[in-house]
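**Q** what's the 3D shape of this:
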Amino acid sequence: MTDLPSFVKGSAFARFWRLRADIAYLNHGSFGACPKAVLEVQDSFRWKLESSPWRYQVIEMATHHAASRTALAQFLHAEADDLVFVPNATHGLNTVLRSLNFKRGDELLTTDHDYFACRNAMAFTARRDGVRLAVAHIPFPLEFPEQVIDGVLAAVTPRTRFVLLDHVTSPTALVMPIHELVQELRRRHIITMVDGAHAPGMVPLDLHVLDADYYTGNCHKWICAPKGAAFLHVRRELQEGIHPLAISHVAAEVTPPANPFQHEFFWAGTIDTSAYLSIPSALKFMSNLVPGGWPEIMRRNRQLALEARALLCEALRIKAPCPEEMIGSMVALPVSNAESLPDPLPPYFVDPLQEELFQKWQIDAPVVYFPRPPQRLLRVSAQIYNTLAQYARLAEVLAHRH
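**A** Modelled structure (predicted):
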């Protein structure tokens, strides 16, 4: 590995991760990446489970579970009793949609920057209940965050009952004006659910101040917890109507538990809870990497993303597609349209540009089709293990191809 190109090598922090040393990994946003030390903590929980399965699962795990929720709640500025663990944000959205019942004439609303899996969940619910799914158009590129607010509110009608909002959009990497949108929709008595898949650990988050009806977010992305760690936050007065996708022991109990919401989600069958229980270790590990802790991590990542964007825009000879205030730790940039795509696209199709970057140039960065094939975006992420030299090399490659 001593003769690796210098651009491939990550920062001094890269040694704390298990990422391949021969690839410039600019794709943290897709699935996150968990530090070695946190994976070791996860393994320790698995050892405890397997060394004494009954005692650990029935007696000991509850203490670790409560400690993990408390640590996460402090990070999110929320109450621990209002948080439950779910495997991922998609699971969190499905949990809410399956719990709610809509009536004919109701309308559900999302945006055309939403995550495809969540669009599918919304469409499934619309078919199930015989209601209409509307899609608000948000331009991209765009110049002002107010264009997002205008686009969403223009799609609201007197029949709109439920709105799904992305905190950070997946295809376009926009940090949405989520506080303003939640407030405006609250004034219209419309249910709001925020898909915060990318937000925790990327942008400052205060769930108490935001006060959305429902908020789901991943911990395995920017918090760097193990895969399968996410949460669902539900306002206290709405918790009675929200149930896990798997109904388990609590449904048959003679004496109702003190907190049915927590109890139902705590035990929904036998699962490996080690990812949930490792969240405090991830929060602590990341905060200890640099003086200044989490605020400094977020600041560094955002600054690196902005510097990377400047290099890539220059290479592609394009203007920045959104204002700086809408950037977190990811950026998405238009690239030339794809050529000779199969029709229809097979599942899990990998764009030729993405494959070329990986196989020929040792760069891992996703290419997504937006708003529809063959139009496409190149999205890069900035995590503390990345360096500006990695983006500079990507810029050189793109300039040469351009």
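
**Q** Walking through the stretch 301-402 of the chain, point out its helices one by one.
**A** Residue ranges of the helices in the stretch 301-402 of the chain, as given by DSSP state H, counting those that start in this stretch, are 352-361, 388-401.

**Q** CA atoms only: put the longest one into CSV for me.
**A** By that I understand helix 388-401. Output of helix 388-401 as CSV, limited to C-alpha atoms (Å, rounded to 0.1, in the frame of the first residue of the first chain):
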residue,chain,number,x,y,z
LEU,A,388,-9.5,18.1,-0.3
ALA,A,389,-6.9,16.3,-2.5
GLN,A,390,-9.5,13.6,-3.1
TYR,A,391,-12.0,16.0,-4.6
ALA,A,392,-9.2,17.8,-6.5
ARG,A,393,-8.4,14.5,-8.2
LEU,A,394,-12.1,14.0,-9.0
ALA,A,395,-12.2,17.5,-10.5
GLU,A,396,-9.2,16.7,-12.7
VAL,A,397,-10.9,13.6,-14.0
LEU,A,398,-14.2,15.4,-14.7
ALA,A,399,-12.4,18.3,-16.4
HIS,A,400,-10.6,15.9,-18.7
ARG,A,401,-13.8,14.1,-19.6
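
**Q** From the contact counts, what lies against it?
**A** Identification of packing neighbours for helix 388-401 by 3 or more C-beta pairs under 8 Å, 6 or more residues apart in numbering; DSSP states H and E yields strand 24-25, helix 293-316, helix 352-361, strand 363-364, strand 376-381. No exception for glycine: its C-beta is placed from N, CA and C like everyone else's.

**Q** between that helix and strand 376-381, how big is the angle?
**A** Angle of helix 388-401 versus strand 376-381, following axes from the mean of the first three to the mean of the last three C-alpha atoms, to 10 degrees, is 160 degrees.

**Q** could you give the angle of helix 388-401 to helix 293-316?
**A** Using the same axes, to 10 degrees: helix 388-401 against helix 293-316 is 20 degrees.

**Q** buried set for stretch 15-25?
**A** Going by neighbour count (16 or more other C-beta atoms under 10 Å), the buried part of stretch 15-25 is 16, 17, 19, 23, 24, 25.

**Q** Next: stretch 321-331.
**A** Residues of stretch 321-331 classed as buried: 321, 322, 326, 327, 328, 329, 330, 331 (neighbour count, 16+ other C-beta under 10 Å).

**Q** Can you name the two of those residues that sit furthest apart?
**A** The span of the buried residues of stretch 321-331, defined through C-beta to C-beta, is set by 321 and 329 at 16.4 Å.

**Q** Any idea which of the helices and strands packed on helix 388-401 gets closest to residue 100?
**A** Set against residue 100 and scored by C-beta to C-beta, the helices and strands packed on helix 388-401 come closest in strand 376-381, at 31.6 Å.

**Q** Please identify the pairing partners of that closest one and their relative orientation?
**A** Take DSSP bridges as the rule and strand 376-381 pairs in its sheet with strand 330-335 (antiparallel), strand 367-369 (antiparallel).

**Q** if you compare the ones you listed, which one is most tucked away?
**A** Most buried of those, by mean neighbour count (mean count of other C-beta atoms under 10 Å): strand 330-335, with a mean of 24.

**Q** Helix 352-361 and that strand, what's the angle between them?
**A** Strand 330-335 and helix 352-361 are oriented at 110 degrees to each other (the same axes, to 10 degrees).
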